[in-house]
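Novice: got a predicted model here, sequence first, then my questions.
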Amino acid sequence: SSNVGYKQNWYAENATAPSTAPVATGVGSIALGDSPEALADNMFVFGNSAGLSATNANDSNFIGQFTGYQATNSNSSNFFGSNAGGSATNANDSNFIGTYAGLFATNANDSNFFGSNAGFSAASANNSAFIGSNSGYGAQYANNSAFIGSNAGYQAENASYCNLFGTNVGKSFTGNNIGS
């Protein structure tokens, strides 16, 4: 074979070192990128400033630039995408996947936000699923709800126990216990 004696690399790295070295002080944690931090146990963070200043984030995965940045109480969570889960508070056991998904979300334990801006600035959205771009964006008091579709539940208020399915359904909606 022509590859005899050829050594294959398992990884590639930039020619220059990061401006700020990764920090991984948690037991079993790994941090990769420019200034990422894995300060809690069993964390995996990858991306510029991923996990930076995050607290109480044991057993979590933050992948993407500024993902999980300053997140508080996000144990056992997965945040994937640029800025996903950044500054999220009380987002334990949650999955935020997409650019800006779950950014600034508060009280979003056990929730799943999938799509660009899904759950952005959502408040009191425990046990909820927002699926689609801008779904649940700015939603307030949307516990135990499902918003599925682009802009579903966008800036909905008092939308707990609601199921909103379809593009723009429930946009700026106010009320509880509504299904579509």
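Specialist: Cool, got the structure. Numbers count the residues shown, from 1 in each chain.

Novice: CA atoms for contacts and neighbours, from now on please.
Specialist: Noted.

Novice: what sits against Ser116?
Specialist: By CA atoms under 8 Å, 6 or more residues apart in numbering, the contact list for Ser116 reads Ile97, Gly98, Thr99, Tyr100, Ala101, Gly132, Ser133, Asn134.

Novice: same check, this time on Asp59
Specialist: Neighbour list for Asp59: Ala40, Asp41, Asn42, Met43, Asn75, Ser76, Ser77 [criterion: CA under 8 Å, 6+ apart].

Novice: that one is in what secondary structure piece?
Specialist: Using DSSP states H and E, Asp59 sits in no helix or strand.

Novice: which one (most neighbours) among the contacts of Asp59?
Specialist: The residue in those with the most neighbours, by other CA atoms under 10 Å, is Met43 (28 neighbours).

Novice: contacting residues for that one?
Specialist: Met43 makes contact with Gly26, Gly28, Ser29, Ile30, Ala31, Ala57, Asn58, Asp59, Ser60, Asn61, Phe62, according to CA under 8 Å, 6+ apart.

Novice: please redo it, this time with the cut-off set to 7 Å
Specialist: Met43 makes contact with Ser29, Ile30, Asn58, Asp59, Ser60, Asn61, according to CA atoms under 7 Å, 6 or more residues apart in numbering.

Novice: confidence score at the last one?
Specialist: Asn61 carries a pLDDT value of 98.

Novice: for Ala54, see how far away it is.
Specialist: To Ala54, Asn61 is 12 Å away according to CA to CA, to the nearest Å.

Novice: could you do the first one as well?
Specialist: From Ser29 over to Ala54 the distance is 13 Å, taken as CA to CA.

Novice: higher neighbour count, those two?
Specialist: Between Ser29 and Ala54, counting by other CA under 10 Å, Ala54 is the more crowded of the two (25 against 21).

Novice: so where's the protein shaky on pLDDT?
Specialist: Along the chain, the model assigns pLDDT under 70 to residues 1-9, 177-180.

Novice: got the residue ranges for the strands in it?
Specialist: 23-24, 30-32, 37-38, 44-46, 61-63, 78-80, 95-97, 112-114, 129-131, 146-148, 163-165 (DSSP state E).

Novice: what sits against Asn144?
Specialist: Asn144 sits next to Asn126, Asn127, Ser128, Ser160, Tyr161 when contact means CA under 7 Å, 6+ apart.

Novice: okay then, goodbye and thanks.
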